[in-house]
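> Sequence and computational prediction follow.
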Amino acid sequence: MRNKARVAILISGTGSNMAALLYASRAPDSPYEVVLVTGDNPDAPGLVLADAEGVPVARFPAPTKATRPDFFAALDRALHEAEADTVALAGFMRILPADFVGAWSGKLLNIHPSLLPKYKGLDTHARALEAGDNHGGCSVHLVTPEVDAGEVLGQVPVAILPGDTPDTLADRVKIAEHQLYPRILAGYVSRYQDAAWIEAQVDALTSRLPEVTRKTSHGSPGWQVGGEKSGKLFAILADRHHGEDAIGLLVKASGPDEMTGLIEAQPEAYYWPKYYGASGWLGVKLNRRDLDWSQVADWLERSWRASAPARLTKLMRAADEF
Ligand code: GRF
């Protein structure tokens, strides 16, 4: 597995946030590295800085209305060629097409100079001043097809001073931006190691299955099917149990042969959990940057089916036939 997240940064202009992200990444303990700086403006001053800092840069001709689809297709290719796994928008002044956002969903972050949900769009500082707010600020958020509307990952309020103009306020907000963005990006790309975040993902996946309730198993979060009292456990979250490295999802496999086969073939993905392995529980490693959560969903469904009472599995089988 790659050690660090691979971040591409998209800019249109100065690139001061790009610089903040880049210099933060130069700390040895940074969980991400910057693998590409690019954007929609081949003359953006930020690209010159990225060049000078030895970061790969891709320059594209500024797109026109007619060339917009080609631009985004070329951008997508460049991101894949750089093997970027995360894209940070930093003063990138184009609205992204919905299919591009869909393809990079959950991997696209943006910084916006207001305390969202206030003042989406442009002229945020002027609008905060006009409204007589006592604070402006900045937000880092996930990008969704609706502009400036994705989940907010972090914010910093910035006091408005008497006599502030949009420019003086923007200058101070930028100081806050430069602190906020690297910190939030670092946390975001590290969340795959965070047991609470992992548990929330498993919770969301199990909640799609019928008759699932939470049940603690020897102090670990577990999920059971088939009623509060008579239910059967089908998944357990084992957070580095007994000195193991894995935050693992324990699910029911068909038996020891399947388990040893999977573990031998894909030791990065599966393990034999101490104690639980002997009772037929397979360990699926969840604290992996490149984890495919759709496979986790498949395991949960399979384990659910193996544990659910016949009245429920019959319903599922009937649904499968449609
Ligand atoms: C920043 O204020 C950022 O919040 C907004 O665009 C500006 C970019 O500035 N999205 P810079 O190019 O990073 O200096």
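Noted; the coordinates are in hand.
> for the protein, what's the longest helix?
Criterion DSSP state H: the longest helix present in the chain is helix 166-189.
> chain center to that one, what's the gap?
Mean C-alpha position of helix 166-189 versus that of the full chain (C-alpha atoms, centre = their mean, to the nearest Å) differs by 19 Å.
> If you count contacts, what does the very next helix or strand once past it end up packed against?
Once the chain leaves helix 166-189, the next helix or strand it forms, by DSSP states H and E, is helix 195-206. In terms of contacts (3 or more C-beta pairs under 8 Å, 6 or more residues apart in numbering; DSSP states H and E), helix 195-206 is packed against strand 222-225, strand 232-239, strand 247-252, helix 293-307. For glycine as for every other residue, the C-beta is placed from the backbone atoms N, C-alpha and C.
> Serialize those to CSV and add fields for distance to the ligand and mean neighbour count.
Below are those laid out as CSV (distance: least, C-beta to the nearest ligand atom, whole Å; neighbours: other C-beta atoms under 10 Å):
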stretch, distance to the ligand, mean neighbour count
strand 222-225, 40, 24
strand 232-239, 36, 22
strand 247-252, 34, 24
helix 293-307, 29, 17
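> between those, which gets nearest to residue 204?
Evaluated over the helices and strands packed on helix 195-206, closeness to residue 204 peaks at helix 293-307, with 9.5 Å, by C-beta to C-beta.
> What average pLDDT does the closest one get?
Throughout helix 293-307, pLDDT has a mean value of 96.
> Assign a three-state SS to the residue of the chain found nearest the ligand, would you?
Going by C-beta to the nearest ligand atom, the ligand is nearest to residue 91 of the chain, at 2.6 Å. Using DSSP: H, G, I helix; E, B strand; the rest coil, the structure places residue 91 in coil.
> Tell me the pLDDT of it.
pLDDT at residue 91 comes out at 97.
> How many residues are close by it?
21 (other C-beta atoms under 10 Å).
> Residue 14 is in contact with that one, correct?
Yes. The criterion here is C-beta atoms under 8 Å, and residue 91 meets it with residue 14 at 6.7 Å.
> from memory residue 128 sits against residue 119, does it?
Yes. Residue 128 is within contact range of residue 119, at 6.3 Å (criterion: C-beta under 8 Å).
> ok, back up a step: got JSON lines for the helices and strands packed on helix 195-206, with distance to residue 34 too?
What follows is those, written out as JSON lines (distance: least, C-beta to C-beta, whole Å):
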{"stretch": "strand 222-225", "distance to residue 34": "39"}
{"stretch": "strand 232-239", "distance to residue 34": "31"}
{"stretch": "strand 247-252", "distance to residue 34": "27"}
{"stretch": "helix 293-307", "distance to residue 34": "25"}
